[in-house]
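>>> what would the 3D arrangement of this be:
(one chain, ligands or ions: 2)
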Amino acid sequence: MDDLFLHTLQDIYYAENKIVKSLPQMIEKASNPQLKQGLQSHLGETKNHVKRLEQVFKLHGQRPKSVDCPAIDGIIEEAEDVAGETESVDVLDAAIVAAAQAVEHYEITRYGSLIAWANRLGRSDCANILKETLDEEKAADKKLTEVAESKVNLAATR
Ligand SMILES: [Fe+2]
Ligand SMILES: [Fe+2]
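Ligands and ions are numbered 1, 2, ... in the order given. Predicted coordinates:
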């Protein structure tokens, strides 16, 4: 279980770093100001997620390390493909929300497992740090739903 915890920590460390690199492109492509601003603030949070993971590695007596995460690579690659095929800026916004939510949901599943395992391993110190991030991922996901339902999806189907 300890190995699985560490492996998954390395997986989400890779994913968070990849998200830090990819979000600026999504922000650039987004048109709706509320969407742009929401992604921008989540980029700030995401940089902090990387730092929190480094803290958890340290508490766990390990150096921060990444392992390739083909799942997040695939989610981001697919998002880029769809964005490339979308001509309307409003439909592009809807596609960006969907892609960003796929990313959030991936993060939510990883953090959920890590927290459960950290608790089982008697590492509530690690679990508490990971929980702070999980709460921000859930809030980001909820905000995306709100912006989609109140603005973006309306504009995309007008
Ligand atoms: Fe994150
Ligand atoms: Fe996130």
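>>> tell me, how many residues neighbour the residue lying closest to S22 once chain neighbours are set aside?
Nearest residue to S22 in three dimensions, chain neighbours excluded: I76, at 5.1 Å (Cβ to Cβ, 6 or more residues apart in numbering). In this view, the C-beta of every residue, glycine as well, is placed from N, C-alpha and C. Using other Cβ atoms under 10 Å, I76 is surrounded by 22 other residues.
>>> can you check Y14 too?
20.
>>> swap in L154?
Neighbours around L154, by other Cβ under 10 Å: 12.
>>> where's it, which helix or strand?
helix 153-156 (DSSP states H and E).
>>> how about the residues of the chain near ligand 1?
Within the chain, the positions near ligand 1 by Cβ under 5 Å from the ion are 46, 49, 107.
>>> including neighbour count, distance to L154 and secondary structure, could those go into JSON lines?
As requested, the residues of the chain next to ligand 1 are exported to JSON lines (neighbours: other Cβ atoms under 10 Å; distance: Cβ to Cβ, whole Å; DSSP: H, G, I helix; E, B strand; the rest coil):
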{"residue": "T46", "neighbour count": "23", "distance to L154": "28", "secondary structure": "helix"}
{"residue": "H49", "neighbour count": "25", "distance to L154": "31", "secondary structure": "helix"}
{"residue": "E107", "neighbour count": "24", "distance to L154": "27", "secondary structure": "helix"}
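>>> which of the residues you listed lies closest to K138?
Distance to K138 across the residues of the chain next to ligand 1 (Cβ to Cβ) is lowest for E107, with 9.4 Å.
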